[in-house]
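> Sequence unavailable; structure follows:
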């Protein structure tokens, strides 16, 4: 069953503006698995649950053709609006069966990151800085979709364990570091479905929570502008699997 968490137009705009994409190093880990088990040429990549397409565009130079799919028309509208790659297309119909779609030696890559990012800033107490972040995440946790459980990592781990392919890999904690303005970090957290649920339920509380958190972080950093750059450590997890020749 598909649960729809990122469909609204405003949420899609926030998603495009603030959502991050995996670094080149992290993407290369996925592509390395594909080259190891399938080799070249790389004909087709399907980005399932592509959202507004940031990650989809990263695949364009590595594959002859890239297809992004998502259940949200609003997300796909933004993806197509920002797409300048001739080999990238988008579709709204979700691909139900990856096993059926994959060719022999085709590879499946499921990659995601968690909300519990860690910040660092020069001459600043990392413990104090990230305690503020933890309190922000904790305030949003009651608004997390119950369909996702306590952690989406568990859903991916269960998917990994259920895949019968002999060639597969599971990585639960890969830290990817990115520099961004503090305002972009706040926008990123606000793009998560838990914040959006709070925003829908109590707009004033959501706005106040975000503003107070941002002010506390600036005070801890001893800066006066939310445009100040911080380093965010983002915790990714992923599973990789290669379909056998005969299955």
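Alright, I've got the coordinates. Predicted model, so just to flag it, every value in this text is computed and none were measured.
> so who does residue 169 touch?
With contact set as Cβ atoms under 8 Å, 6 or more residues apart in numbering, residue 169 has these partners: 33, 239-241. Heads up, the C-betas are built off the backbone N, CA and C, glycines and all.
> same thing but 10 Å
Residues counted as contacts of residue 169 (Cβ atoms under 10 Å, 6 or more residues apart in numbering) are 29-30, 33, 36, 109, 160, 238-242.
> Can you list the buried residues in the helix or strand hosting it?
Taking DSSP states H and E as the criterion, the element that holds residue 169 is strand 167-181. Within strand 167-181, the residues that qualify as buried by neighbour count (16 or more other Cβ atoms under 10 Å) are 168, 170, 174, 176, 178, 180.
> helix/strand/coil for residue 45?
Assigned state for residue 45: strand (three-state reduction, DSSP: H, G, I helix; E, B strand; the rest coil).
> need the contact list for it.
Residues touching residue 45, when contacts are defined by Cβ under 10 Å, 6+ apart, comprise 30-31, 34, 56, 58-60, 62-68, 87-88, 107, 109.
> quick one: buried residues of stretch 208-222?
Counting neighbours by 16+ other Cβ under 10 Å, stretch 208-222 gives 209-210, 213-214, 216-217, 220-221 as buried.
> Check those residues against residue 12 and report the nearest one.
Closest approach to residue 12 among the buried residues of stretch 208-222 (Cβ to Cβ): residue 210, at 18.9 Å.
> Tell me which other helices or strands the helix or strand where the closest one lies touches.
Using DSSP H and E, residue 210 maps to helix 203-221. Taking 3 or more Cβ pairs under 10 Å, 6 or more residues apart in numbering; DSSP states H and E as the contact definition, the neighbouring helices and strands of helix 203-221 are strand 118-120, helix 126-140, helix 182-190, helix 193-201.
> hey, what's the closest residue in space to residue 168 that isn't next to it in sequence bridged with?
Ranked by Cβ to Cβ, 6 or more residues apart in numbering and with sequence neighbours excluded, the top spatial neighbour of residue 168 is residue 241, at 4.0 Å. When bridges are assigned using DSSP bridges, the partners listed for residue 241 are residue 108, residue 168.
> List the contacts of residue 241.
Residues counted as contacts of residue 241 (Cβ under 10 Å, 6+ apart) are 33, 37, 98-99, 102, 106-110, 159-160, 163-170.
> Next: residue 114.
137, 151-153, 173, 192, 234-237.
> where in the protein is pLDDT low?
Where the chain drops to pLDDT under 70, the residues are 1-9, 15-16, 93-97, 147-149, 247.
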